[in-house]
Each structure stands twice: as structure tokens, then as C-alpha cells.
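here's a sequence, model it:
(3 chains)
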Amino acid sequence: MSLYRSTLAGLYKLLKKKEISSQELTQVYLDRIEAHSDLNAFVTVDRTRALAQAQAADARLHAGTGTPLTGIPLAQKDIFCTEGLLTTCGSRMLANFVAPYDATVISRFNDAGSVLLGKTNMDEFAMGSSNETSFFGPVLNPWDRRCVPGGSSGGSAAAVAACLAPAATGTDTGGSIRQPAALSGITGLKPSYGRVSRFGMIAFASSLDQAGPMTRSAEDAALMLNVMAGFDPRDSTSVDRPVPDYTRTLDEPLAGLRIGLPREYFGHGLAAEVGRAIEAALEQYRRLGAKTVDVSLPNSGLAIPCYYVLAPAEASSNLARYDGVRYGYRAPEYADLWELYSKTRAQGFGAEVKRRIMIGTYALSAGYYDAYYLKAQKLRRLISADFASAFEHCDVIMGPTSPGTAFEFGSRSGDPVAMYLSDIYTISVNLAGLPGMSVPAGFDSGNRPIGLQIIGRYFDEAKLLNVAHRFQQVTDWHLRVPEGF
Amino acid sequence: MSLSRTDVERIAHLARLEVGEQELAAYAETLSRILGLIEQMNAVDTTGVTPISHPLEAGLRLRADEVTESDRRQDFQAIAPSTQEGLYLVPKVIE
Amino acid sequence: MEWETVIGLEVHAQLLTKSKLFSGSSTQFGAQPNTQACAVDIALPGVLPVMNLEAARMAVKFGLAVGATVNRRSVFARKNYFYPDLPKGYQISQYELPVVQLGRLMIDVDGMKKEIGITRAHLEEDAGKSLHEAFEGLTGIDLNRAGTPLLEIVSEPDMRSAKEAVTYLKKLHVLVRYLGICDGNMQEGSFRCDANVSVRPKGQHAFGTRAELKNINSFRFVEKAIDYEVARQVELIESGGKVVQETRLYDSQSNETRSMRSKEEAHDYRYFPDPDLLPLELDEQFIKEAALGLPELPDAKRERFVREYGLSAYDAEVLTGSREMADYYEAAAAMVPGQAKLAANWIIGDLSGYLNRDSLGIGDAPVTSAMLAGLVCRIADSTISGKIAKDVFDAMWNGEGDADAVIGKKGLRQITDESAIERIIDEVMARNPKQLEQYRSGQDKLFGFFVGQVMKATQGKANPAQVNESLRKKLGDKPA
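Predicted coordinates for the structure are as follows:
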């Protein structure tokens, strides 16, 4: 098997045994990124910096002070601030923004000794499900270049799927890790809200945003989460709670595991091929000793309306700081302060971002707050309570990650509402703050990947990883690599 | 609820987004459709439900009152569009 | 028609924390522009707020001091608006659930006590500063102040005159300094006041339309601005006009208020709970500790001074005007048993006069409380007269040592030896036969002349009471 198809766990062994150096490994991936630049998975690649980090990692490996991720090259979503490196968030607004500080997630990887290959393309300010809203152009799905890789973490998903990086980070506000993981055939985990620090991660919707790993396997996700998770005093919503070693419980047997199947996730709107693949995966789980139980999430149908009030409302406020005064884009011509603001923001933001800012502004404005924002907060309570009731009868919840597989460019970009529906199964997990995962579970007739979603109890990431890992030990969907890569 | 061009103008003004005359109708149409989706919320009676603003139902953690930051003006202003004598510059604000 | 004025005040008190409300930047005044504005303060992408514990404690102290409800749970909200000195595009404040609610402050105007309600006090962050004069056609933004903690104290519209408003404001000013939560420096903007002013026909229940007066940065200006505004509104209504609800700026140069924006923009702040911050929850222990940290409050101290030291209400009021002043007084009084009133007179009189003259705070007075007590002792034990004491005080102020040193060095000890005084009186009588003659023939007022002559002969050192007594004896006749 080619080196670049290896998992993190595999690369770790090679590096540890000195069968390869981090510099050699980094070079391999840098070359692959360049060779497959047509995918447009990266916004920024800094070879010099990456190789310097690899050199330092080699020294550390040599000294025997390495960690499991020392010397491992990784791709970082361009939503994380990286000191001295362009951090664009997929927007013209920040196309010139060289961050003067590191996000906590980045610092943690730096401390672990991993190598930053580059910053991955994404939907502008993480608002999108197809990567078509990026100022830097869409990312192509390595399985089918006519199709989207999913979004918003589309660059990370494509990079891992095409083996341009062994693993990457993503962020998930309404499905932005899980949906592209599903559409690009990789493993993605959105941890519980509060598990991974949001400091330095450019905010979209603060009460929903959460960072997580995008990898080739559940085991790799566990290795990544071991580094990413943990309390951060700089984030008031970070939870001070011990971080277990997520690799330790991967092999626990699944006998007796109760899998809840929400009937709402298997109804109208689900593509037949996706439904069949999920059913096959569930059958696999039954063979592993798990049993399935029917549960109900009666308010899940309202997750999308609820989300499209709360997320834009928070975003309209979070994105007010982009005003052309202290950093980022400033309109070239303006007559006064009013024009400085309104032209800078009109030119700096793309269409979808502007739509969401306007929806959010409207939802919070005088006279509408109760009907929209407050109503949505109440629904959020109901949606959250649905999960609590369901988890009284099961240990994990499973269903499809997305109702369909990767769709063609332009097929939904003209219709925001149709686009929003592709997150129908992922959004309620963010509203409830729960951990959720997507693991490869097959392909449709067009050889486009299908993802199985696994949802856990609050802070039950270890269980999710265990459940996913056991599945991956008896299946090989996650090991498949698209043709030409 | 369907938004008029005037509504769009008012919202765009609040959000400090320049919207051209010719874009108003398109925005009114798209935003109205999104609002249509949002208004599906009304299908559920939420009387008596306590709203939540956050998935974490905990209290705020407080920090000790200590000065931990030092001057980084030079770094911060190196990426600023317009500064002079340490100040960020904007067109004259008229009060 | 007779008009009644209705005033409510909104006071912004900068809290005396070392670091900002949501970041670790220094709050020190006067630094070079933007050198105390960290990544959080300038709102770089991705940064997050973390709240300062001390600010919470200070807010609680204030709440307890005004007998308010301290909410065990309060919520930070975002107030959204665009302005160059507001880097995030929103101010973190408290809206629906403030930390302090329903307190009160008693004021005393012309001997009449009145309770002023405090609607609420909430924590919020200050904005930066816009400098309009530095550059042609441009405004410069300094974000050093951005994020400094403020306690916004909102009163009920309970005040009925500019005088009441100023009294309330002064009382609040004394209180926050007592509590050590604000330095009260109005020039530097650490204690700022906006006034909501309206008028209504006397007897009418409904409030009139109010104007919000901004930028009144001294007690004097508060009174003048309100008086001007009341006159403006009355004149406007009486001439058939209508008061519009608006923000008006007080211009101390021209002593008038003017509308801040010709076409006042309709504000829509789109408040919502800040998703970066969880609710501020304060437990009983925290509140109990804050209560234990409270100093004796001005009202209690004033009453105690009247009771313990036998001071007049006025003297007690002056001496409790600041914690430092009160501490100074108590330290001095403790050293001069039985002379508390005399010590008070010296502090309110000479000491305060010298402090004013030299623009010094009481903490910087060259005459310490021990030195003042030493002086009072020498007056009390008749070593020096009150008149000589003024010279001694002046010498102490100029660094010539304590009272005893000055008295010794300058030979100012009072003459109390009766025979010595009588000898001098004899000499004076001998030198002034004509006046003696006239006095004895009934010109009583010449008594003062003889006192003066004796004091002159002793360079003021003779004990005046003794001089009086001996003179009457010597001059022989009818006691006055």
C-alpha cells in the first residue's frame, strides 16, 4: 500500500521506527497537494514553513520526546487562526488577513509536534453545504469532479479523501464536518459543544460551532481528538472536564449496545440508495452484537427552521466586526464612514453570507425578536429534550448523515432553501450540543460515498469512536480511495 | 411573511450592507423564501417552554483580575488598512 | 402655569479593576494609543471574552451598599450597533437581567430627606475613544479604553430639581469611592453622568417627553445643564412647541444643550444573550464575602461621628465626604481625648483650606493626622493660643517639624504665669495713663485696647483668658 494512503496510526509506527522521516513524509504530501491542485482543496500551502516544522519534529523524534502526532503532516481548515499565516475563512473579507496569533487548536497541534501542510478551502465563514460559497472557488469532490465535496469543511474532506493529507481539522455548526465527511467518503467527528476550544476559531454561530477531526478512520479521529480536546481558560464555553485517552476504549465489544433509530431519519426525502446502505450497516452492527430500538425525535423536522434563525442571528452579530477599520478588506472608495462600512461589507462578503446576515438581523430586530429568535430558542429546548428522551432507551442513535450523496455543482446553489435541506439530519445534533460522527458506509450506483451518522450522549465521544472503530474493523468502506489518487 | 423592498432596505441599513436598487427585488424574494422555511416553526405550540440560549446549562467561569496582555500594537497595526500615530483612521465621524 | 421638573440619572462608573472586563489588558489611564488594546479588545477574528471576577465582586458590593437585590443569576447580552470605537460591532452589556436591581439612596436637600430609587446597576464594557481633532478630515480611534468595566447605575425618575440631582450624584460619587470600586475622576471620565430631563404641569401624573443630556462631566455642569434644559423645555411648551425625545449634548462653553443628531437615527440594538458567555451565577458564599468586604458606609459613619464625637450634622457630613478624610479625622481624634470637636474644626477649617490652596488630596497633606493632633493638644493644654496655633500649623505645613518642635524653635509657648502677666499689665497701665483715665471715667470699650497692648507686649503669647481676668482685676472696677 502506498505510504500516503496510510492511517495516522500507521504513519506513527513508521516515524517511530525511523523508517521514514517527517521531512520525507511532509514532502510526499506537499508534492501530492501540488499534483492535485485542481481539486482546489487548499487556500494556502507554505512549503518552507511545513518543512521547517518537519525538521523540528524529526529532531524531537530523534530525541525520543515525540507524541503520536509528532512529525505527522496535517491540513487545517482555514477557519483557525495561524500566526504569521494567511487565515481567510474562505472570504474576500479576510483574503489578506495574516493572523497575529494561533488558535488554541493550532497551538495544541504545534505542541504535539505535528506539521501544518496548509490551510484548507471552505465555504465562506463556514456558511454552506457545498463549498461553493468560498471566495477562492469551489472544491472538487475526488470521487466525482462534477460534484461538490460537501461543506463547509469541503477542502479538508477532499484533502483527506484524495490523500493529500492523512488527516485534517474541520468545524461543524450544522453539519459542516459530518456532511462533507459523508459526501467525500471519510470519517468525521463533531465533538460535544465545549469539548474543543473555540478560541481562535473564527466564529460563525457561537452557541453551535465546534471543531473536530476529519480522518481516514475512527482510530485516527481518536488520535486527533486526544490532541484537540481539553479545557481552555480563554474560552468561557470550554468545559473543564478530564479528557480520556480516546484510543483506549476503541476495541470494547459492542455486545448489548442499544442503537436508537429515529423514525424521522428514515422517512420521506431520504434517497433509496442511502437508506439501503444504512440498513446494511445496521445489519452489520446487529452481527456485532448490538440491537436496534425504535426511538422518536418528534421535533427534528423543526431543526432546520430553528437553526436558520439562531445561526444567522448569532452570525449577524459575530460578523459585525468586519468593518474595514482594523484588519481585513476595506473598500477602495468611500465618501464617508457610512460608505466605508456598507461598501466594505457589501464587497467583502459573498451572497450567502450577506443573506444570512440579513436574515439574522431581521430575526433580532425590534418587533420580530419574540416571533423568531425567542421562538427558536424554545424549539431548541424541545429538540434537545427529544434527544434526552431518546437516550433513555438507547446508547447511541444512528441514521444517515445526509439524505443524499454528493450533488453536482450548481444544482442547488441557486436555491438556498434546497441547499439548507442537505443538513436535515445533522443540524439538530448541534442544537442539542451533542457529539456526532459520520463514517463511510457504502457507495451509491454512481460510486459516490454514503455516510452513516452516529450520535452520542453528551461527552460520550469515546463511545462513538468505539462504535465506529468496531464497524471499521469489519468493513472496508473507509479504506477505499477514489480512482486516480 | 414576505419582505418588501423597503424591509430589505431597512435590514441592509441596520447590517451596514450596501444593496443596489437592482438587487433589492432579488433579496426580497430569496429572503422571503427563507422566512417561509423559518415560519414552519409556528407549527409547534411553545407556550410555557423555557427558551435556551446555550447547550451548556452552566454558570460563567470567572477569571482572576490580572493583567496578562502586553503591548502588541505594532503587530496588530501591521495588518490594519489605515493607521497613523498609533491610531486607526476612519473618515471623519460627525456628531 | 407652574411646571414640575422630573429627572433621572444614568451614571457610568468605571470600575477600579486592574484588567479589563473581558480581557487581560491593563485599564491604566493615559497610555499611548492602542498599546493597551489586546486581540480581544480590538476584536480580531476568533477571539473570545472571559469575565473578570473582581468586576463581579465590585458590582455586588455596590448592590449591597444601596440595599438592592443582587441577582443570583444575570445575563450578558449583546447590544449591536456600528461605530468605529466599538470594535466588535456590539457592546457586551446586561439587558433583561442585570446583576443589581431595586436599590435606593437617601439624599438630604435643605434639611429634607428624600429617597431616590435605583432601578438597576449593570455591568458592561466601555467603548474606545474617537479623536476628531488630530487629523484633517479623519477620525483617529484609540481602543485603550475599549473593554474597561463599567457599572451603569440607573436611577428612578425621582428627582424634582437640579439641586436634588446634584445631591444624589454627589452622594453616589462619595459612595463608589468609599467602596473602592471607582476613583470618581470626572475629568478622566471614570465617573460620567447622563441626565434624563422632562417637565410636566404641576399636579399632572404622566411624565412629559424627556431629553437625554449627555457629556456632563462635572457637578457644576450637571446643575447648569439641567437648569438650562428645564428652561428650554418650559419655554418651548409655553410657546406652543413640543419637546421631542432626543439626545442632547451639553456645551459647557456656551452653557446650553443642543441636539446631537439633526435626523436622529432610529436605534434598533437587537439585544440578544451573548452566546460566548454563560449566565453570571453568584452563590451565597460569594455574596457573603463581598458583604464582609464592605467598609462602613458614609451614612452610618456620619451618624456615628455625630453620636461619638458630638459633632454637628454639618461637620460630620464634611468629615465623612471621603473615606480618607474620615480616616484622617478619626486618627487625629483618637490622639486628642476630649478634643474631638476642636480637631474637627481644624480639619474643616485650616487643613481643608491649605489642601484646596495647594490642590492636594488629604493623603498628600504634609501635616499628618498625628501632627494635627499634636497641635490640638497644645491648644488644649494652653501651651499656645488658637491664634498662635495658626502660625504653628503654617510652619508644620512648610515642613518645619511637628507642633512641639515649631513651638520650641520659635519660642511660641504661651505665658500662663499669673505674676508675669500682672507685671506686664502694670507696665502697660503705666505707659498709658491717658487711656487708663478715660477707661476709668466710663469708656468701657477701651478694655480691648488694654488687651491688645498686653498681647502686643507678649508677642501674642499671653493666655488670652488670663489676660482678660487679670486686666479686669487690675483695672479695678466694674466687671463687664
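
now do the contacts for the spatially most central residue of chain B.
Central residue of chain B (Cα atoms, centre = their mean): residue B:15, 6.6 Å from the mean position. Residue B:15 makes contact with A:316, A:345, A:357, A:358, A:361, according to Cβ atoms under 8 Å, 6 or more residues apart in numbering or on different chains. Heads up, the C-betas are built off the backbone N, CA and C, glycines and all.

distance of it relative to residue A:105?
Distance of residue B:15 to residue A:105, given as Cβ to Cβ, to the nearest Å: 29 Å.

in chain B, which strand has the most residues?
Determined from DSSP state E, the single longest strand within chain B is strand B:87-91.

so is that strand next to chain A?
Yes. Remark: strand B:87-91 sits within contact range of chain A at B:88, B:90, B:91, by Cβ under 8 Å from any Cβ of the partner chain.

shouldn't the first one be in contact with residue C:141?
In this case it means residue B:88. Yes. Using Cβ atoms under 8 Å, residue B:88 is in contact with residue C:141, at 4.1 Å.

need the overlap of contacts for the two.
The contact lists of residue B:88 and residue C:141 share A:325, C:84, where a contact means Cβ under 8 Å, 6+ apart.

name the nearest residue to the residue nearest to the centre of chain B, ignoring sequence neighbours.
Distance criterion Cβ to Cβ, 6 or more residues apart in numbering or on different chains; nearest residue to residue B:15, sequence neighbours excluded, is residue A:361 at 4.5 Å.

wait, a helix at the one you found?
Yes. Counting by DSSP: H, G, I helix; E, B strand; the rest coil, residue A:361 is found in a helix.

residues in contact with stretch B:34-54?
A:207, A:237, A:299, A:301-302, A:304-306, A:308-309, A:355, A:359, A:362-363, A:372, A:374-382, A:384, A:416-417, A:420, B:1-3, C:272-273, C:275, C:278.

mind checking pLDDT for the nearest residue to residue C:380 once chain neighbours are set aside?
Nearest non-adjacent residue to residue C:380, counting by Cβ to Cβ, 6+ apart: residue C:339, 4.9 Å away. With respect to pLDDT, residue C:339 has a value of 85.

now residue C:339: how far from chain A?
Distance from residue C:339 to chain A, counting by Cβ to the nearest Cβ, to the nearest Å: 56 Å.

what's the neighbour count on that residue?
Here the number of neighbours of residue C:339 (other Cβ atoms under 10 Å in any protein chain shown) works out to 20.

residue numbers of the stretch 51-200 of chain A in contact with chain C?
Proximity of the stretch 51-200 of chain A to chain C is confined to A:80-81, A:87, A:89, A:94, A:97, A:99-101, A:103, A:198-200 under the rule Cβ under 8 Å from any Cβ.

with neighbour count and secondary structure as extra columns, can I get those in JSON lines?
Converted to JSON lines, these look like this (neighbours: other Cβ atoms under 10 Å in any protein chain shown; DSSP: H, G, I helix; E, B strand; the rest coil):
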{"residue": "A:80", "neighbour count": "28", "secondary structure": "strand"}
{"residue": "A:81", "neighbour count": "29", "secondary structure": "coil"}
{"residue": "A:87", "neighbour count": "29", "secondary structure": "coil"}
{"residue": "A:89", "neighbour count": "34", "secondary structure": "coil"}
{"residue": "A:94", "neighbour count": "26", "secondary structure": "helix"}
{"residue": "A:97", "neighbour count": "22", "secondary structure": "coil"}
{"residue": "A:99", "neighbour count": "25", "secondary structure": "coil"}
{"residue": "A:100", "neighbour count": "20", "secondary structure": "coil"}
{"residue": "A:101", "neighbour count": "21", "secondary structure": "coil"}
{"residue": "A:103", "neighbour count": "29", "secondary structure": "coil"}
{"residue": "A:198", "neighbour count": "27", "secondary structure": "coil"}
{"residue": "A:199", "neighbour count": "26", "secondary structure": "coil"}
{"residue": "A:200", "neighbour count": "29", "secondary structure": "coil"}
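
re the thing from before, and which of the residues of strand B:87-91 next to chain A is nearest residue C:406?
Set against residue C:406, the nearest of these by Cβ to Cβ is residue B:88 (57.7 Å).

so what pairs up with the closest one in the strands?
Beta-bridge partners for residue B:88, by DSSP bridges, are residue B:83, residue C:141.

pLDDT value on it, please?
pLDDT, read off for residue B:88, is 97.

what's the closest non-adjacent residue to residue C:54?
Of all residues not flanking residue C:54 in the chain, residue B:65 sits nearest, at 3.6 Å (Cβ to Cβ, 6+ apart).

touching, the one you found and residue C:20? I think so.
No. Counting by Cβ under 8 Å, residue B:65 stays clear of residue C:20, with 9.5 Å between them.
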